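Trainee: Return a 3D structure for these sequence lines:
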Amino acid sequence: MTTFLIALGIGLFAAIPVAFVLLRQRPGLRVPVVALVAVVAVVGAWSWWQYGTSDNAASADRLAQHAENPGAGMNDLAASYEARLAEAGDDVTVDQLVLLGRTHEAARDYGKAAEAYARANAKTDYGHADLLVAEAEARLNAPHAGGSGVETASERLEQALAAEPQHPGANYYTGAMAVQAGEFERAIPHFEIVLASGILEPDAAELLRQRIVEWGGSPPEAGSQPVADDGALVITVDAGAEARDISGLLFVFVRRPDGPPMPIAAKRMVNPTFPVEVRLTDDDRLMGGESLRSYQRLTVGARLSTSGQPGGNAGDPYAEGEILPASEPVAALRLR
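Mentor: So this is what the prediction gives:
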């Protein structure tokens, strides 16, 4: 979503009739590059496994194609990964489908990205806000977006808002679609939520604030937006007597309680002294996505791993609880 909100500030409000052109630019959220690095790393590893371990001419030709034309190479890798997942049939996981969607997005094939996200949404019963927004965004970014594609995108955004009413991405796209339809009054409350979330860069936020005022709204003042430090989730981790005597890596993470099992943000510490305060910020996210503080509820966990790996060994001290990022971004855990 990174360049979309920049485009919103630069062009959406300067030329309202071309909103759907801007919908193909992606919003200007402060998303770390680790998401793209993750996609490139995983797909790169797949490429090496698929092609680099063979010395035949076809493999050499494909590797040369990747080096000379990264765009075509990414399309080729996406197709290969998709074929690999097809072998799994219905056993393909949500995480694999999300990676497939991101790979297609990296190749700028938004139609296929939307298909991958749609399959992931079906597997999560259309209750995962981030995945719903990802599908809607891909559909709106697809060439010649319109008709059933726009209708489905609108439906996914409605489902995302039902799951997380304060979701910045869902509110942004809903507001943008209202603007495209000339329904400025309906767009205002959605854009006010986007502003209040603090995810916009200052220049884009100021431009959006000006447009909301022009449309008769009362956007939050610039000073009311949270500063970077206010965006942290603060987790205090303590340990019982037995756990304190164990040396290892402390992994602290948050994940969606009803979504994929993989963490959305994590941090590790070597041989911590308990109790220890761990601050998770947007910089600790393991993939692109919304601000941590935009979530209503997350599962928070901590593990003192004796293996040095996040999964640890059986019997490693562990604790799990709940944190409410949007309203009460603090939690306390005790390892046992």
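Trainee: hey, let's count contacts and neighbours off CA atoms from now on
Mentor: Fine.
Trainee: host element of residue 316?
Mentor: Using DSSP states H and E, residue 316 sits in no helix or strand.
Trainee: Can you pull out the low-pLDDT segments for this protein?
Mentor: Within the chain, the segments meeting pLDDT under 70 span 1-73, 144-147, 198, 220-230, 288.
Trainee: can you give me the helices in it?
Mentor: Here the chain has its helices, by DSSP state H, at 2-7, 19-22, 34-47, 57-68, 70-86, 94-106, 110-123, 129-141, 148-163, 168-180, 184-197, 202-214, 241-244.
Trainee: isn't residue 171 right next to residue 160, touching?
Mentor: No: counting by CA atoms under 8 Å, residue 171 does not reach residue 160; the two are 9.0 Å apart.
Trainee: and the helices of the chain, which is most packed in?
Mentor: Stretch with highest mean neighbour count among the helices of the chain: helix 129-141 (a mean of 27; mean count of other CA atoms under 10 Å).
Trainee: Just the CA atoms from that helix would do, formatted as PDB, please.
Mentor: Listed next in PDB are the C-alpha coordinates belonging to helix 129-141 (Å, rounded to 0.1, in the frame of the first residue of the first chain):
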ATOM      1  CA  ALA A 129      -9.200  -7.900   7.900                       C
ATOM      2  CA  ASP A 130      -5.700  -7.700   6.500                       C
ATOM      3  CA  LEU A 131      -6.400 -10.500   4.000                       C
ATOM      4  CA  LEU A 132      -9.700  -9.000   3.000                       C
ATOM      5  CA  VAL A 133      -8.000  -5.600   2.300                       C
ATOM      6  CA  ALA A 134      -5.200  -7.300   0.400                       C
ATOM      7  CA  GLU A 135      -7.800  -8.900  -1.900                       C
ATOM      8  CA  ALA A 136      -9.700  -5.700  -2.400                       C
ATOM      9  CA  GLU A 137      -6.500  -3.700  -3.100                       C
ATOM     10  CA  ALA A 138      -5.300  -6.300  -5.700                       C
ATOM     11  CA  ARG A 139      -8.700  -6.200  -7.400                       C
ATOM     12  CA  LEU A 140      -8.600  -2.400  -7.500                       C
ATOM     13  CA  ASN A 141      -5.000  -2.400  -8.800                       C
END
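Trainee: what helices or strands is that helix leaning on?
Mentor: For helix 129-141, the packing partners by 3 or more CA pairs under 8 Å, 6 or more residues apart in numbering; DSSP states H and E come out as helix 110-123, helix 148-163, helix 168-180.
Trainee: Now do the second one and helix 110-123, the angle between them.
Mentor: Angle between the axes of helix 148-163 and helix 110-123 is 40 degrees (criterion: axes from the mean of the first three to the mean of the last three CA atoms, to 10 degrees).
Trainee: cool, and the shortest one?
Mentor: Taking the same axes, to 10 degrees, one finds helix 168-180 and helix 110-123 inclined to each other by 120 degrees.
Trainee: which residues are in contact with helix 168-180?
Mentor: Under the contact criterion CA atoms under 8 Å, 6 or more residues apart in numbering, helix 168-180 has outside partners 16-20, 129, 133, 137, 154, 157-158, 160-161, 165, 184, 186-188, 190-191, 193-194, 197, 199, 290, 294.
Trainee: Also the first one?
Mentor: Residues outside helix 110-123 that contact it (CA under 8 Å, 6+ apart): 93-94, 97-98, 100-105, 127-128, 131-132, 134-136, 138-139, 141-143.
Trainee: Among the helices of the chain, which comes closest to residue 265?
Mentor: helix 34-47 (11.4 Å; CA to CA).
Trainee: mind pulling up the phi and psi values for residue 297?
Mentor: Note on residue 297: its backbone torsions stand at phi -150, psi 140 [degrees, to the nearest 10].
Trainee: Please name the residues that touch it.
Mentor: Residues in contact with residue 297 (CA under 8 Å, 6+ apart) are 256-257, 322-326.
Trainee: Residue 279 too?
Mentor: Applying CA under 8 Å, 6+ apart, we find residue 279 in contact with 232-235.
Trainee: quick one: which of those has the most company?
Mentor: Counting neighbours by other CA atoms under 10 Å, residue 233 leads the contacts of residue 279 with 24 neighbours.
Trainee: Look up how far residue 294 lies from it.
Mentor: When distance is defined by CA to CA, to the nearest Å, residue 233 is 11 Å away from residue 294.
Trainee: Now do the shared contacts for these two.
Mentor: What both residue 233 and residue 294 touch, as defined by CA under 8 Å, 6+ apart, is the set residue 325.
Trainee: picking that back up, so which of the contacts of residue 297 belong to strands?
Mentor: Counting by DSSP state E, the part of the contacts of residue 297 found in strands is 322-323.
Trainee: and the two most separated of the contacts of residue 297?
Mentor: 257 and 326, at 15.0 Å, using CA to CA across those.
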